[in-house]
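In: structure of the sequence below:
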Amino acid sequence: MVRVTISLSKIPTSYRIKDAFKRKGIYKVNETTVAGGILKEKGIKVCDAQTYINPPLPKWEPPKTLLPDFRLDIPAKPVNPEEMTKVWDISKSLTFTEGLEHACLLTKTQAFHGLPPVIQDLVGKYELVDQYPEKAPPTNKGQIKGGRDNVASVAKVGLANMSESKKRSESEQDRLVKRCIIQSQVCDNTMDLLPKRFDTENLSFRWRREYGIPPERSAIMLLKSLLQLAQSSGKVVPEILTDRRVMFNPSVNTTFSFQDHTLHYGNTAEICVFGSKMVPAPGNKTLVKDSANHKLLDMYPMSPLIDLREVDIKKSKKFHGILRNPLGHPCSNPQIVLDTFPPFMTAEKAAASGVISSFVVALEEARNRYGATDGDLEHPITVLNINSSESIFNFTVFQLNTLDFHSSSGVKNFVWTDYDNAMFVKTRCKPWTHPRRHYLPNKYSNYKSEVFKKFLAMYLYSYIN
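Out: Here you go, the predicted structure:
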């Protein structure tokens with residue numbers, strides 16, 4: 001006979017666990033039962049043992065005599081309405097409704113299409129030539145000595161007259177510029193996620209993720225490479241190296257008036273070239289006097305401020321021009337402003353933005369020299385502007401003649417614009433035309449050497465007659 005002990009028998013506990021979860025640890029005595037009636041007759045109150053042993057503490061309430069906690073209540077900053085003023089803000093990526101003429105209306109400017117004659121005469125007159133001819137490739141592939149495979153060798157170029165060395169330098173400058181283009185489009189390790197693109201020829205095609213060099217980075221790289229290539233002409237023109245300096249990411253912040261309204265402009269350009277002397281004004285005094293008869297654009301019934309945003313700023317805020325050294329510095333005159341514009345902006349809209357940027361730099365330079373005046377300038381201020389995207393270049397020459405912006409009559413400012421200059425055409429692949437839908441590399445064609453000739457003429461202006 002086998003004895004079944006308590007340790008060997010299974011005690012059913014499932015119903016007890018379910019009952020405990022159901023009651024949540026609270027057991028009430030039913031007064032309708034016999035035991036409940038007896039306890040009620042004798043006046044015995046049944047309570048929880050845990051509550052009886054450890055009674056709960058009374059709920060704390062903060063005294064009403066103390067001040068509220070300063071850490072919980074953040075006082076609002078007192079704003080005096082008298083210290084604030086309303087202005088119309090002009091951003092860098094602003095697109096004007098009427099394009100270039102709209103920007104000329106806000107800046108009281110007369111526009112001329114094309115470059116000024118003094119700069120147009122320099123286009124193609126001088127070209128960069130390689131003073132170190134290309135050597136034959138080495139026989140040993142493991143040793144590379146000499147040759148022209150290094151991008152840093154771009155600095156070993158000089159300047160020559162086009163009429164004297166046309167046959168020799170006709171293709172050398174183009175080869176150097178093409179190297180800068182390939183460097184900005186292909187020879188870069190950046191692999192960022194590119195925006196999803198679409199093609200009107202096949203809207204239903206499902207594009208995959210593409211990685212590569214963003215268009216904004218390619219535009220900045222090409223702009224810097226071409227500037228470095230233009231600086232290599234300093235071997236023949238030493239004043240370019242001694243009388244100029246380059247500043248990256250300078251900021252400009254200023255306000256100006258337009259028909260009893262205050263306009264505010266704040267921007268950070270990519271590159272600004274300063275010089276020891278002012279840029280000569282391409283417009284003579286006779287042309288300045290004749291500008292009084294020019295009529296600006298009439299946008300009625302639309303307001304010229306339709307694209308601007310009204311914001312509040314402090315009256316005590318100190319506005320400044322381009323962040324640079326004081327006027328006594330040898331190179332303190334802004335000469336060339338180089339900037340980029342996003343791909344979604346058309347060339348004409350970008351040219352209008354370049355007009356505003358050049359106008360603001362010239363305006364602050366005039367205020368820095370002549371103080372706060374509202375009349376015509378005896379010596380106009382001229383600023384050059386080169387605005388580019390991934391492959392398109394806009395050239396702007398702005399001449400500030402007057403600071404009187406309260407009315408549209410009188411002397412006007414001048415601007416010469418030559419926009420929508422495509423240096424090359426970038427053709428992206430169309431995978432649906434391939435039998436296996438492969439993503440082939442981009443193709444670059446239709447190179448135009450005339451664009452860099454204009455770039456070089458803008459850079460050499462005021463240093464070569």
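In: tally of neighbours for the closest residue to Asn413 other than its chain neighbours?
Out: When the adjacent residues along the chain are set aside, Asn413 lies closest to Thr109, with 4.3 Å between them (CB to CB, 6 or more residues apart in numbering). For the C-beta atoms, the positions are set from N, CA and C on the backbone; glycine is no exception. Around Thr109 there are 26 other residues, counting by other CB atoms under 10 Å.
In: got a list of what Thr109 touches?
Out: With CB atoms under 8 Å, 6 or more residues apart in numbering as the criterion, the residues that contact Thr109 are Ala103, Val355, Phe359, Phe398, Lys412, Asn413, Phe414, Val415.
In: return the subset of these lying in helices.
Out: Taking DSSP state H as the definition of helices, the contacts of Thr109 contribute Ala103, Val355, Phe359.
In: how about TSV for those residues, with distance to Phe341, neighbour count and pLDDT added?
Out: Formatted as TSV, the entries for the ones in helices among the contacts of Thr109 read as follows, by distance: CB to CB, whole Å; neighbours: other CB atoms under 10 Å; pLDDT from 0 to 100:
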residue	distance to Phe341	neighbour count	pLDDT
Ala103	13	26	93
Val355	12	27	94
Phe359	16	27	93
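In: out of those, who's nearest Thr255?
Out: Within the ones in helices among the contacts of Thr109, the smallest distance to Thr255 is 12.6 Å, found for Phe359 (CB to CB).
In: the closest one is in contact with Val397, isn't it?
Out: No: between Phe359 and Val397 there is no contact under CB atoms under 8 Å: 11.7 Å.
In: shared neighbours, these two?
Out: Here Phe359 and Val397 share the contacting residues Val415, scored by CB under 8 Å, 6+ apart.
In: give me the number of residues near the nearest residue to Ala281 once chain neighbours are set aside?
Out: For Ala281, the nearest residue in space outside its immediate sequence neighbours is Pro380; the separation is 4.3 Å by CB to CB, 6+ apart. Counted by other CB under 10 Å, the residues lying close to Pro380 total 24.
In: Pro380 in helix, strand or coil?
Out: Here Pro380 is strand, with the state taken from DSSP: H, G, I helix; E, B strand; the rest coil.
In: next, the contact list for it, please.
Out: Shown here is Pro380, whose contacts under the criterion CB under 8 Å, 6+ apart are Ala281, Gly283, Val288, Gln399, Leu400, Asn401.
In: what's around Pro55, how many residues?
Out: Applying the criterion other CB under 10 Å, we find 8 residues in the vicinity of Pro55.
In: helix or strand next in line after the lowest-mean-pLDDT helix or strand in the chain, which one?
Out: Comparing every helix and strand of the chain by mean pLDDT, DSSP states H and E singles out helix 166-169 as the least confident one, with a mean of 46. Once helix 166-169 ends, the next helix or strand along the chain (criterion: DSSP states H and E) is helix 172-185.
In: now the helix or strand hosting Ala362: buried residues?
Out: Using DSSP H and E, Ala362 sits in helix 347-370. If you call a residue buried by 16 or more other CB atoms under 10 Å, then helix 347-370 has these buried ones: 347-368.
In: likewise stretch 290-298?
Out: Applying a neighbour-count criterion of 16+ other CB under 10 Å, one finds Ser291, Leu296, Leu297 buried in stretch 290-298.
In: rebuild the residues you listed as a markdown table, extending it with distance to Ile306.
Out: Output for the buried residues of stretch 290-298, formatted as a markdown table (distance: CB to CB, whole Å):
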| residue | distance to Ile306 |
| --- | --- |
| Ser291 | 26 |
| Leu296 | 16 |
| Leu297 | 13 |
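In: and the residue nearest to Asn413, how far from Glu101?
Out: Applying CB to CB, to the nearest Å, the value for Thr109 to Glu101 is 10 Å.
In: before we move on, what about Leu305?
Out: Leu305 sits 15 Å away from Glu101, taking CB to CB as the criterion.
In: low-confidence stretches in the stretch 151-300 of the chain?
Out: Counting by pLDDT under 70, the low-confidence segments of the stretch 151-300 of the chain come to 151-170.
In: ok, which stretches of it are strands?
Out: Listed in chain order, the strands of the stretch 151-300 of the chain (DSSP state E, counting those that start in this stretch) span 157-161, 192-193, 211-212, 244-248, 251-258, 261-268, 271-275.
In: pick the most deeply packed of those.
Out: Neighbour counts (mean count of other CB atoms under 10 Å) averaged over each of those peak at strand 271-275, with a mean of 21.
In: Arg244 contacts Ile271, correct?
Out: No: the pair formed by Arg244 and Ile271 falls short of the contact definition of CB under 8 Å, at 11.9 Å.
In: can you pull the contacts of the closest residue to Lys349 other than its chain neighbours?
Out: The shortest distance from Lys349 to any non-neighbouring residue, by CB to CB, 6+ apart, is to Thr95 (4.6 Å). Thr95 is in contact with Asp307, Met345, Lys349, Ala352, Ser353, counting by CB under 8 Å, 6+ apart.
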